[in-house]
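>>> Sequence and predicted model, in that order:
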Amino acid sequence: MDNTSVPPDFTPPPPFLPQPPVIAPLPPAPRRRWGWIITSIVLALLLGLAGLVIIGLCTTRALSFTRGIKSVSAREVGPKLEECMLEDNDSKNKIAVITVDGEITDHDPDDAGNNMVDLIKAQLDRASDDDRVKAVILKVDSPGGEVMASDEIYKAIADFETDDKDEHGKIQEKGKPVICSMGSLAASGGYYISSPCRWIVANELTLTGSIGVIMHGINYRELMDKVGVAPVTFKSGKFKDMLSPDRETNEIPAEEHAMVQALIDETYQKFKGVVADGRNGAYELNKKEAKKEDQGKPLADDWEDYADGRVMSGTQALNLGLVDELGDFDDAVDRAMTIAHVKDANLVEYDERNDVSFLSMLGQNSQAKDIKLDLGLDMPKLRPGCLYYLWQAPGL
């Protein structure tokens with residue numbers, strides 16, 4: 001028997017199989033950082049927008065020079081203005097509308113830090129630089145205001161209307177007419193700034209006039225005595241504490257009353273001189289250039305008798321020659337085109353442009369704001385010791 005034979009019940013072992021290779025799991029897919037993606041998209045959009053703005057400004061500048069306009073869309077210093085269309089009449093000519101609304105002052109800056117005087121001067125400069133602007137309409141709805149602010153606006157308007165001449169007397173640039181359109185109120189300083197205008201249009205119910213000067217003060221010495229407060233004043237001269245509100249009224253010397261009244265009288269004479277020069281100059285110019293029906297109204301011989309601070313209606317002012325015509329804003333537009341010798345014109349205005357800053361983007365303003373508390377009391381609106389061309393209605 002063969003020893004190598006296999007027993008009948010023998011089962012051979014299974015063949016050796018190699019171990020399957022161990023496959024490492026795939027690393028997880030990197031998570032997308034959406035924050036960076038969104039930020040990149042926003043930055044790209046902002047850069048694109050900035051590029052479009054730069055291209056637009058360059059295009060506007062180029063068009064301005066090609067059309068003969070001397071100024072660009074914004075001033076380098078002071079108020080930055082943008083031209084806005086009020087009425088499009090499909091004309092190459094323009095009439096600029098400048099609005100004076102409310103109390104005339106240079107002590108109340110707007111959000112951009114510019115006061116009323118700065119803004120009106122900038123608007124007149126813009127209208128003067130644009131050869132397509134043929135006239136300006138001054139819309140006045142004001143009770144007047146500070147003497148200095150009113151006088152600065154008056155001078156700016158008078159200079160705007162005056163021809164510029166070189167040293168040889170040759171006209172370099174012709175002045176442009178200003179037509180005043182009075183609203184419901186154009187009194188005191190509101191009339192002061194209207195007087196140099198080439199033509200004045202008032203509604204028959206407009207309150208105007210109030211030619212005069214006022215200075216306001218409060219003496220609270222009796223109140224101080226009642227609460228036991230005694231003022232102590234050291235001064236270098238007899239009149240160093242003029243208009244002081246804490247002196248006894250019997251301590252005010254008669255000379256001080258006379259000096260203050262002389263100051264008011266001098267300012268009042270200035271007011272009347274401005275009215276006479278403005279109205280007479282406009283009438284003489286209209287007589288020279290216009291037809292008889294377009295010469296306006298001369299000042300009445302007795303107009304100074306009514307320059308005692310009283311307000312008057314537009315009709316009464318017309319009879320005295322303080323205005324030239326009764327009408328509304330549309331009549332002022334027609335008169336502006338007549339005086340400027342144009343058949344049609346677009347009406348434009350200059351709005352102040354507030355540039356976007358990082359503070360404004362964050363919802364903050366670069367200028368601090370005063371917090372006002374309404375106590376239900378009407379405090380005096382006039383600053384003590386300041387001269388005003390101002391009319392105040394009773395109860396205000």
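Good, I have the coordinates. Residues are numbered from 1 along each chain as shown.
>>> From residue 160, how far off is residue 197?
When C-beta to C-beta, to the nearest Å is the yardstick, residue 197 and residue 160 sit 10 Å from each other. Using the backbone N, CA and C atoms, a C-beta is placed for each residue, glycine as well.
>>> how about the helices in this structure?
For the chain, the helices defined by DSSP state H occupy 34-66, 116-129, 147-161, 189-192, 221-227, 254-289, 314-319, 329-340, 358-361.
>>> closest one to residue 349 among those helices?
Residue 349 sits nearest to helix 116-129 of all those, at 8.2 Å, using C-beta to C-beta.
>>> Identify each buried residue in that closest one, please.
For helix 116-129, burial by neighbour count (16 or more other C-beta atoms under 10 Å) applies to 116-128.
>>> do stretch 81-91 as well
Result for stretch 81-91 [16+ other C-beta under 10 Å]: buried residues 81, 83, 91.
>>> Including pLDDT and distance to residue 187, could these go into TSV?
Converted to TSV, the buried residues of stretch 81-91 look like this (pLDDT from 0 to 100; distance: C-beta to C-beta, whole Å):
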residue	pLDDT	distance to residue 187
81	89	28
83	92	31
91	94	35
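>>> Which of these fall within strands?
Judged by DSSP state E, the subset of the buried residues of stretch 81-91 located in strands is 81, 83.
>>> can the buried residues of helix 116-129 go into JSON lines with extra columns for pLDDT and distance to residue 247?
Shown next, in JSON lines, are these (pLDDT from 0 to 100; distance: C-beta to C-beta, whole Å):
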{"residue": "116", "pLDDT": "93", "distance to residue 247": "34"}
{"residue": "117", "pLDDT": "95", "distance to residue 247": "34"}
{"residue": "118", "pLDDT": "94", "distance to residue 247": "37"}
{"residue": "119", "pLDDT": "95", "distance to residue 247": "39"}
{"residue": "120", "pLDDT": "96", "distance to residue 247": "39"}
{"residue": "121", "pLDDT": "96", "distance to residue 247": "40"}
{"residue": "122", "pLDDT": "95", "distance to residue 247": "43"}
{"residue": "123", "pLDDT": "96", "distance to residue 247": "44"}
{"residue": "124", "pLDDT": "96", "distance to residue 247": "44"}
{"residue": "125", "pLDDT": "95", "distance to residue 247": "46"}
{"residue": "126", "pLDDT": "95", "distance to residue 247": "49"}
{"residue": "127", "pLDDT": "95", "distance to residue 247": "49"}
{"residue": "128", "pLDDT": "94", "distance to residue 247": "49"}
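>>> Show me which of these is closest to residue 265.
Closest approach between those and residue 265, by C-beta to C-beta: residue 117, at 25.2 Å.
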